[in-house]
Structures are given as structure tokens and as C-alpha cells.
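Novice: how would this look folded up:
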Amino acid sequence: MKIASRGARAGMPAALSLLVAFGGNAALAQSETQQVVDNPPLLQLKRKAPQALLKAAPPGTPAPESREASLDLNVVYTSGQLWNPAERRFDAVKLRSYQGTSINPKTPFISPMLDIKPGDTIRVALNNKLPADPTCTATGGNVNVPHCFNGTNLHTHGLWVNPAGNGDNVLISINPGVSFEYEYNVPSDHPSGTFWYHTHLHGSTALQVSSGMAGALIIRGKRPPVKGADGKIAGGDIDTLLKPTRAQPFKERVVVMQQIQYACRDAKGAIKTNPDKTYRCDPGDVGAIEGTNGGTTGYDLFGPGDWAASGRYTSINGRVLPTFKGVSTGQVERWRVIHGGVRDSINLQFRKLKPNARSLDGLRAADNTAFIADNCTGEPLPQHLVAADGLTLAAAMKTTETVFQPAYRWDALMVFPQAGKYCVIDADAPASANVDQAAPSRQLLGLVEVAPGRPVPANVTGYLTAQLAAAAAVNMPGNVRDAVVSDLRSGLKLSGFVPHPTIAQSEVTGTQTLAFNIVPSNPTTPAQFQVDGKSFQPNRVDRVLKLHGVDEWTLTSDFVSHPFHIHVNPFQVVKILDPKGKDVSGPDAIDDADGTIDTQYRGLKGVWKDTLWVKNIATPAGAPGGRYTVVVRTRYQRYIGDYVLHCHILDHEDQGMMQLIRVSLPDGTGGTSKGHHH
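Specialist: Numbering: from 1, shown residues only. Below is the predicted model of the structure:
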């Protein structure tokens, strides 16, 4: 039965209308309207026709490809609904969201996907249509108290583009009623990969991203590797290897995981809760994400443990507990997975669901651990990771559990070996792997329904290697084909597709140190969220870095753990030392500094990223500190201007855990230019 064309019955809430359409059967409404998860809808680009050639082209010459495009992205309040598994019904919600030309009305809180190519110029007209908000224009007060919830801007996370002016500028506020055109000139040598975009106005970032204001941004490349004078191959886009062939179609899935922490409030503005303290929305309520007690400043939603306590589910492409379909055994799928949430870690795992598993109807968040233990009983499937934060790895990394901290992206090649259903799980993890220093319980994220296809041997890695080598034999140019195939057969190496050359110690021209810290609140002073002992100030430049410089950064945290993110230029991991000085970033390293096993750092040595977990484990009183030391290197290339680095736990960023940095031209004497002076 199809519902989309019916619309809501007159005067009836959308959720109730669906139940009436199905004779009041909420479970059927769930299965018919929520079950299958699709990729996010594509934003429709308006391509500008290329200029006519000065000289007439011969007949039959292909028209030049347009490299300029524009689109509109509206920021509005959107009414919709999200499935509540515990109550077996939809909750009505009204949330701030991005709305473009292509929105799935059943999942309006997943932002549309932007799909572009290296060399494109993309102009995004961001139109803020939210109601007026006086806190956006008020002067004075503490800039690090969350505010201006109806102001906004746009960040293209991970893109190597200009941070100033109309580029990837997050230092402006596009207030209600204002439109602004961003212009992203994506360089022709930009790496292909999985990136994302999200709101980034200091003071409202967590609230808006938690509402769903985050979307996938895919850069697709068509450059095969080239052979250098030294005989080595480099410079290719992995997209050229994973092009569909007759033998292997290489299906792709884009997966945006979000933690939409909507709440319903009583007449006094307090969050309604059930006896177990999970959030409650009664029939007729409308869930929302607003500030303290429904007011305009501060947060009462994003404190330690609040997400787990809320009982809400991590959604996938706007759906709760969905099913992935169109999968068959032996099919190689590229899963582009994005953590678009605010603060809580996700440990992605796939296990076979036993045939007689119980229904998901009525599954409360607190029941997930028992459900998974009883029903998701298969061995964890291998995930072969081929890209971190959009950037192709030097070799595929095999794992059975992938750790996603906020803002992480991992591309995984998946092969499902048996027909049937599989559980998609947020697995349990050590306390030290989560910002709240508490071991999170397991949560079911969804299911994968696998149809019979081609047989898969027990050695999935060997099967995948053979499939990729066969694709390389078809897709790669003749002068690099043998080298690519040889790499793949020698441990799934991807040498020809790594986007940046390794930074050698001899290249390093300077050093930077950074320490995160939180000063706890007291009866007279709120908590202070700091970088290097200071909270963010918008008019204070904390670091001046030199264009063409190469810095080695040493990152630490003095209190709990934080994901470090820097705009514009990615970094390469050099080493990660545990509190005893052991490097835990090698391919076989095991991080067990606190007596539990945390493998999230394993294999990161030499990997390029734009966001990285900086860990500090809780220790007993009087015990040595649990601080890790993370060492990375980065080049400042092409772009000058002001931009930011920050903790990507977004409520921490909103409350001051951010620095303003500036990349300046060299002054010719070893320093940086400060501008023209008289």
C-alpha cells in the first residue's frame, strides 16, 4: 500500500493519519512507511552552460562540460515525524532543517546529498527562513553561552577550499531573513571522497546539527593512477577502480548516522520523561530541540549521558531501525558512512540475525543489549576500510568493528556471505572510547536483508581481493594495470590512490602543541571549555601559521577525551602514545592502558584524516594520569585566511572549545606577514 499520495487527513496529525490509513495498526504503518532505507536524495544542481568556443568546433565534437553550478538551500522549521520503537508509533516533531529541491517527504530530516567533481565551482544560496531571534544581534554577554539558535551558516567539512570571504567561511552569521551565496571553488586536484556539510555558527551548532542539519557531500573523481619517473604509481581516484563492471557492479550506499535528540516539554518547559527517565512524547505533543527549558539560551539536552538516557535511537538517513534491501551474497558494496551526530561514539558492527528472531516492535533502548545478545548471534562480519575521512588509505584495513567518533567518515567494502538478515549494531565499547567516560550499551541501528547471489568462500578477504583485481584488469589503463593488480594482490594495497604524499621529518618547518581541557563548574561560575587554557573569543587570533609551512602538532587532553578537527588542511598521523609511552597506532597495536581493549587507534599510523580522537582515560584518585599523546603533521597549502580548529563534540565547541587560527604569507625572513604597515 502506498501512502505518499494520500497526505494527512484533514485536521489530523500526520502520524495519526497514517495509523487510520492502516486501520490503526501502528506496526504495519512502521513496516510500510519506515522499513526500507535509501540513499539521501540528491540536491539538483543548476549547471551553467559553458561559454561558446572562440573558434567553431568540428562537427560532432562533444560540447564542453559545464564546471559551474548553483543551488538553493533553505533553512526552515520542518514538521514531520520520527518512529518511536518503544511506543510503536510515530512522534510528531518540528525541527530546523535544510530543504532543497529534492527532499523525501517521509524523511525530511535527512539533508539532501551534494554530488560534485574536482574542478567544479558550486554556488550555494543559503536562505535563512527561520523566525527572528534577538540573541543573534544582541551585544555583550558571554559568547560561549549557547545562543542565536535561529542564526546559521554553512561548513563543507573536510573540503580543501578557500576559508575566507564567500568560501568555506564559518565566521559569519546568516541571521533570520538573510540570504548569502557561498562559492566553493573545488580545485581540479582535490581528492575524491566522502565529505559532508553542516551548520557551524558558534553558539547554535550542536542544536542545529542535532536537528538534522547535516548532509553528505560526495566528490567523485575520474583520474586513474599515473606512473611516475621512478616507476611508482600515484594520483588516482579510487572511484576509477570501483567502477561497475559486467562481472562486479560495485553497488554504493551513502549512510548518514544522526542522533536527533528531540524532546517534548510540559507547561513549565521541563522535558517530559517516563519512569525510567527516558524522554516521553504523549499523543498530541510535538517534539522539538530547543534551549534550556524551551528558552533561547543555553542547553539542557547535550550533557554527559543525556543521549543514552533519552532513549532515542541513532537514525540512518532519516529512518529509525530501517532495513537495507537490494543486497545479495557476493555483491561488493561500498558503504560511505558518516557520523553526523553531536557527541556520542558509534561502534559499527554487522552480525547475522538468527532466523527465529523476535520482532522489533516495542523495542525500547534499554532492551537493546538483551535483544542483540539473544538474536544477533552470528560472528561479526569483516569490514574492509578503504578511506578515512574521505581520503583513500594506503592499504585496505580489515576490521570487525569500526569506531566512529563525531564527524568521522569511513568507506568500507562490504561482502555479505550468506542469505538472510543481518543486524547493524552500535556495539559496546570501553568507557575510554566515549566522551562521557562511561561504557555505552549496545544499540540496534537497523537490519540488512540479503538475497541469494553468488557463493562466497570462507576467506572473504581473498574473495574481495580477486574481485578488485578483476575490476582493475578492466578499469585501469594499460600502463598502470599490472602495478595496480600487483598492489591489490599484495595485501590489498591502494598505493596508486592515496591523495597526499607522506610528510617526512625532513619537511617539518615548525611545531604546534594543543591541549583540550574542561574546568568544572562551581556555584558561581559555569564550566569552562578550553583549548590551551583559554575559551574561544571571536576577535582573538590564537595561532598564526605560515603558508607553505609544514608543522608537527602534539595533541593532548587534560580532562576526558575530545575529537580534534581542523578546517581546510588534513593531517597525517605520525604516532599515538598511550599514558605509558607505547605507540598504539601500528597495524597490530592493542590499546589496553585501562585494562580494557580499545582498538580504535590500531592501523592509524600514516593515515590522513581531518578529525581525530584525543584520549584521556579516567584513573583512580592518586593514580598516574591517563593522558594520551597524539602526534600529527600537516601542510598549509594554497589558502590563506582565518578559520578554526575545535573539539567536534559540538556542545563543547559551542561553549568555547575552539581556536581561531590564521594562515598568512611568509614575510621573506622566516616569519609570517602581518599585513601592510606604515
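Novice: going forward, measure contacts between C-alpha atoms and count neighbours the same way
Specialist: OK.
Novice: residues in contact with the host helix or strand of Ala472?
Specialist: Secondary structure from DSSP states H and E places Ala472 in helix 460-475. Outside helix 460-475, the residues that touch it by C-alpha atoms under 8 Å, 6 or more residues apart in numbering are 240-245, 248, 332, 382, 415, 417, 456-457, 481-482, 484-485, 488-489, 492.
Novice: any idea how far Gly603 is from Asp584?
Specialist: Rather than Asp, residue 584 is Val. 8 Å (C-alpha to C-alpha, to the nearest Å).
Novice: neighbour count winner among these two?
Specialist: Neighbour count, other C-alpha atoms under 10 Å: between Val584 and Gly603, Val584 has more, with 25 against 18.
Novice: my read: that one touches Ile576, true?
Specialist: Yes: under the criterion of C-alpha atoms under 8 Å, Val584 makes contact with Ile576 at 5.7 Å.
Novice: now do the shared contacts for the two.
Specialist: Tyr601.
Novice: select only the buried ones of the contacts of helix 460-475 in PyMOL?
Specialist: Buried members of the contacts of helix 460-475, defined by 16 or more other C-alpha atoms under 10 Å, are picked up in PyMOL with:
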select buried, resi 240+241+242+243+248+332+382+415+417+456+481+484+485+488+492
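Novice: now, the contacts of helix 460-475 that are in strands?
Specialist: Members of the contacts of helix 460-475 lying in strands (criterion: DSSP state E): 332, 415.
Novice: quick one: residues contacting the residue nearest to Lys222 when sequence neighbours are not counted.
Specialist: Nearest in space to Lys222, with sequence neighbours left out and distances taken as C-alpha to C-alpha, 6 or more residues apart in numbering, is Thr240 at 5.7 Å. When contacts are counted by C-alpha under 8 Å, 6+ apart, Thr240 is found next to 221-224, 475-476.
Novice: repeat that for Asp91.
Specialist: Asp91 touches 15, 81-84, 281, 283, 285-287, counting by C-alpha under 8 Å, 6+ apart.
Novice: and the two most separated of those?
Specialist: Distance extremes for these: the farthest pair is Trp83 and Asp285 at 14.1 Å, using C-alpha to C-alpha.
Novice: who's more crowded, these two?
Specialist: Counted by other C-alpha under 10 Å, Trp83 and Asp285 do not tie: Trp83 has more neighbours, with 25 against 15.
Novice: the helix or strand that contains the more buried one: partners in the sheet, and parallel or antiparallel?
Specialist: Here Trp83 sits within strand 68-84, counting by DSSP H and E. Take DSSP bridges as the rule and strand 68-84 pairs in its sheet with strand 46-47 (antiparallel), strand 89-99 (antiparallel), strand 121-128 (parallel).
Novice: pick the most deeply packed of these.
Specialist: For these, the largest average neighbour count (mean count of other C-alpha atoms under 10 Å) is found in strand 89-99, namely a mean of 24.
Novice: how far off centre is it?
Specialist: Relative to its parent chain, strand 89-99 has a centroid offset of 20 Å by C-alpha atoms, centre = their mean, to the nearest Å.
Novice: show me which positions of the helix or strand that it is followed by end up buried.
Specialist: Using DSSP H and E, the helix or strand that directly follows strand 89-99 along the chain is strand 114-116. Of the residues in strand 114-116, 114, 116 count as buried by neighbour count, 16+ other C-alpha under 10 Å.
Novice: residues in contact with strand 114-116?
Specialist: Strand 114-116 has contacts (C-alpha under 8 Å, 6+ apart) with 42-43, 215-220.
Novice: what do you get for stretch 352-372?
Specialist: 27, 85-88, 311-313, 375-380, 420-423, 441-444.
Novice: before we move on, what about stretch 244-256?
Specialist: 39-40, 110, 215-216, 242-243, 316-317, 331-340, 467, 471, 474.
Novice: beta partners for Ala412?
Specialist: Trp335, Leu385.
Novice: counting neighbours, what do you get for it?
Specialist: A count of neighbours around Ala412, defined by other C-alpha under 10 Å, yields 24.
Novice: that one is in contact with Ile338, isn't it?
Specialist: No: in this structure, Ala412 is not within contact of Ile338 by C-alpha under 8 Å, at 11.3 Å.
Novice: quote the end-to-end distance of stretch 415-426.
Specialist: 19 Å.
Novice: one more: stretch 531-542?
Specialist: For stretch 531-542, the end-to-end distance is 10 Å (C-alpha to C-alpha).
Novice: what's the offset of stretch 606-615 from the middle of its chain?
Specialist: Relative to its chain's centre, stretch 606-615 lies at 13 Å (C-alpha atoms, centre = their mean).
Novice: which residues sit against it?
Specialist: Counting by C-alpha under 8 Å, 6+ apart, 158, 388-391, 393-394, 405, 407-408, 432-433, 500, 502, 555-557, 560-567, 569-574, 627-630, 648 sit against stretch 606-615.
Novice: go again using 6 Å as the cut-off
Specialist: 389, 561-565, 570-574, 628 (C-alpha atoms under 6 Å, 6 or more residues apart in numbering).
Novice: can you list the strands paired with strand 68-84 in a markdown table and add mean pLDDT and distance to Asp189?
Specialist: Converted to a markdown table, the strands paired with strand 68-84 look like this (pLDDT from 0 to 100; distance: least, C-alpha to C-alpha, whole Å):
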| stretch | mean pLDDT | distance to Asp189 |
| --- | --- | --- |
| strand 46-47 | 78 | 21 |
| strand 89-99 | 94 | 29 |
| strand 121-128 | 96 | 13 |
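Novice: between these, which one is nearest to Pro520?
Specialist: Here strand 89-99 is closest among these (C-alpha to C-alpha), at 30.8 Å.
Novice: what ranges do the strands span in the stretch 251-400 of the chain?
Specialist: 251-258, 315-316, 323-328, 332-339, 346-352, 383-388, 391-399 (DSSP state E, counting those that start in this stretch).
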